[in-house]
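1. Here is my input, please return the structure:
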Amino acid sequence: MENKVVIIGAGPAGLSAAITLAEKNIAVLVIDEYLYPGGRLLGQLYEESPGKWWNGIDESKRLFERAKALNVELLLQTSVSDLEKIEQEWIVHTNKGVFRTRQLLLATGAAESPFPIPGWTLPGVMSVGAAQVMTNVHRVKPGKRGVIIGVNVLSSAIAMELQIAGVQVAAITLPAVNLLTKDSGNPIEVMNSLLHVSHMAPSPLVKIGSKFMKNEFMKKLGITFYPKNGVKMWDIPIMLRKAVVEIVGKDQVEGVVIATVNTDGSIVPGSEKRIKADFVCIAGGLYPLAELASLAGCPFHYIEQLGGFIPLHNEQMETNLDGLHVAGNITGIEGAKVALAQGKVAALTIAHKLGTSTTQQEIQRAIEDVETTRANAHIQFHPEVLTGRQQLKKIWAESLPQVTN
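-> Purely as a prediction, here's the structure:
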């Protein structure tokens, strides 16, 4: 089957791109492996400002209805197993057939990267994203009382969502330091991520206190005198001086063993204590889900500020492979609104290549909208995301053939 444009991923970037292309009278096929369109939008629910809520399910429905009205074809519960380029066409192999296109957009999003902890194979241990989907999408509580291991932007936001759903979060705490949790178990490193969600806290003390933590000296001072039992945000103790050393239980999760940690993350001997819980969430952060870009032969670069290995691409969302484009969290870990804006850029770039009336000025305005959306993002997953974007931009420029006179 041949379509003018194939989009892999029905999250915010993919749906936004599909709508933009369909509005240009370009036929579109969107492929996604999940039951519903929306991607990570489906689990999101948070208050952007007093009385103003961002509801991912509502946003997903709005995008889906708009796409259907424009005759966008969606293939859900469809997994992609391989990509290959034959002459001028991209061949997309799926469990529902093979599709061909000259213009392919990868909007595959992100995946979670949990870290191992003794006892993590017990029933009741899950990623924090799984708890979010269970609660906000399927309306099933993951348990009555849980502990979240890993203090970061994602875990903080989801903890608030769990509380709204009537699920008690006993604590958000650090993992014990090992080779895989070196940064996420270090109180100083973790404080940086926590400061970026302090504006979401209802506590004026937390909001005001965060303003004093702008330099390393104040951060070290703050960690040194940080209360051992944590500071509460949304009535949840955020424990930067405690770490989970073990998840315990016989046939399922019954609790965790936590210990006090020094400012460098090392365990204070003899400080172990057990906390009751019937579920545990591990929050190791997100990384770009870019395996399909790798299969396609796209070069990658590791950029920590963007969440890991990123397929090489430019501001127009083009890769260096003809006809292959990327948008959303595959390009770096950011919020849904940035993904929506990137999807539009990718679509306009594709539309221009297909000979529509789309102008370079229109594409440039969309690129500027991405930058504005990024600057105004309610949740920033990495404090140095702009540095990461600039680094990628430099790498792209250096990869271009040099023109000599």
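2. so who does Ala170 touch?
-> By CB atoms under 8 Å, 6 or more residues apart in numbering, the contact list for Ala170 reads 145-147, 237, 275-277. Where C-beta positions appear, they are placed from N, C-alpha and C, glycine not excepted.
3. From the rest of the structure, what touches the strand or helix carrying Gln163?
-> Per DSSP states H and E: Gln163 is located in helix 153-164. Contact with helix 153-164 is made by 43, 45-46, 128-129, 131-132, 135-136, 142, 146, 148, 169, 172, 193-194, 196-197, 200, 233-236, 238, 281, 283, 285-286, 379-381, as judged by CB under 8 Å, 6+ apart.
4. Just the ones of these in strands?
-> Members of the contacts of helix 153-164 lying in strands (criterion: DSSP state E): 45-46, 146, 148, 169, 172, 233, 236, 238, 281, 286.
5. Same list (those) but as a markdown table, adding neighbour count.
-> Converted to a markdown table, the ones in strands among the contacts of helix 153-164 look like this (neighbours: other CB atoms under 10 Å):
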| residue | neighbour count |
| --- | --- |
| Leu45 | 20 |
| Tyr46 | 18 |
| Gly146 | 27 |
| Ile148 | 28 |
| Val169 | 23 |
| Ile172 | 29 |
| Met233 | 23 |
| Ile236 | 21 |
| Ile238 | 26 |
| Cys281 | 28 |
| Leu286 | 22 |
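6. related to what we said a few turns ago, just checking the distance from the helix holding Gln163 to the centre of its chain.
-> Chain-centre distance of helix 153-164: 14 Å, with CA atoms, centre = their mean, to the nearest Å.
7. Contacts only, for Thr373.
-> Here Thr373 is in contact with 337-338, 340-341 (criterion: CB under 8 Å, 6+ apart).
8. top of those by neighbour count?
-> Val338 (27 neighbours; other CB atoms under 10 Å).
9. what's the spacing between that residue and Leu29?
-> Note on Val338: its distance to Leu29, by CB to CB, to the nearest Å, is 24 Å.
10. next one: phi and psi at the closest residue to Asp278 other than its chain neighbours?
-> Leaving aside its chain neighbours, Asp278 sits nearest to Gly143 (4.2 Å; criterion: CB to CB, 6 or more residues apart in numbering). Here is the backbone geometry of Gly143 (degrees, to the nearest 10): phi 170, psi -170.
11. Roughly how far does Gly143 sit from Val167?
-> From Gly143 to Val167 the distance is 7 Å (CB to CB).
12. Arg139 too?
-> Counting by CB to CB, the gap from Arg139 to Val167 is 12 Å.
13. These two: which has the busier surroundings?
-> Set side by side, Arg139 and Val167 show more neighbours around Val167, with 19 against 8, by other CB under 10 Å.
14. Spit out the contact partners of that one.
-> So Val167 contacts 135, 141-146 (CB under 8 Å, 6+ apart).
15. Equivalent analysis for Pro299, please.
-> 311-312, 320, 399.
16. filter these to the buried ones?
-> 311-312 (16 or more other CB atoms under 10 Å).
17. pLDDT and distance to Pro116 for the contacts of Pro299 - can I get that in a markdown table?
-> Listed next are those as a markdown table, based on pLDDT from 0 to 100; distance: CB to CB, whole Å:
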| residue | pLDDT | distance to Pro116 |
| --- | --- | --- |
| Pro311 | 97 | 28 |
| Leu312 | 97 | 31 |
| Asn320 | 95 | 36 |
| Ser399 | 89 | 36 |
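18. Return the closest of the contacts of Pro299 with respect to Lys96.
-> Pro311 (25.0 Å; CB to CB).
19. Beta-bridge partners for Met239, please?
-> Thr173 (DSSP bridges).
20. Is there a neighbour count for it? I'd like the number.
-> Around Met239 there are 26 residues (other CB under 10 Å).
21. My understanding was that it contacts Leu174; is that so?
-> Yes. Using CB atoms under 8 Å, Met239 is in contact with Leu174, at 7.0 Å.
22. Give me the common contacts of the two.
-> Common neighbours of Met239 and Leu174 (CB under 8 Å, 6+ apart) are Val151.
23. what comes into contact with stretch 24-36?
-> 1, 3-11, 14-15, 18, 21-22, 37, 39, 42, 60, 67, 72-80, 92, 94, 99, 101, 137, 347, 350-351, 354, 356, 358.
24. Of all the helix elements in this structure, which one is longest?
-> Looking across the chain with DSSP state H, the single longest helix is helix 336-353.
25. And that helix, what does it pack against?
-> If contacts are counted by 3 or more CB pairs under 8 Å, 6 or more residues apart in numbering; DSSP states H and E, helix 336-353 sits against helix 12-23, strand 103-106, strand 324-326, helix 360-375.
26. let's see it at 6 Å
-> Judged by 3 or more CB pairs under 6 Å, 6 or more residues apart in numbering; DSSP states H and E, helix 336-353 is in contact with helix 12-23, helix 360-375.
27. Please consider this matter closed, and thank you.
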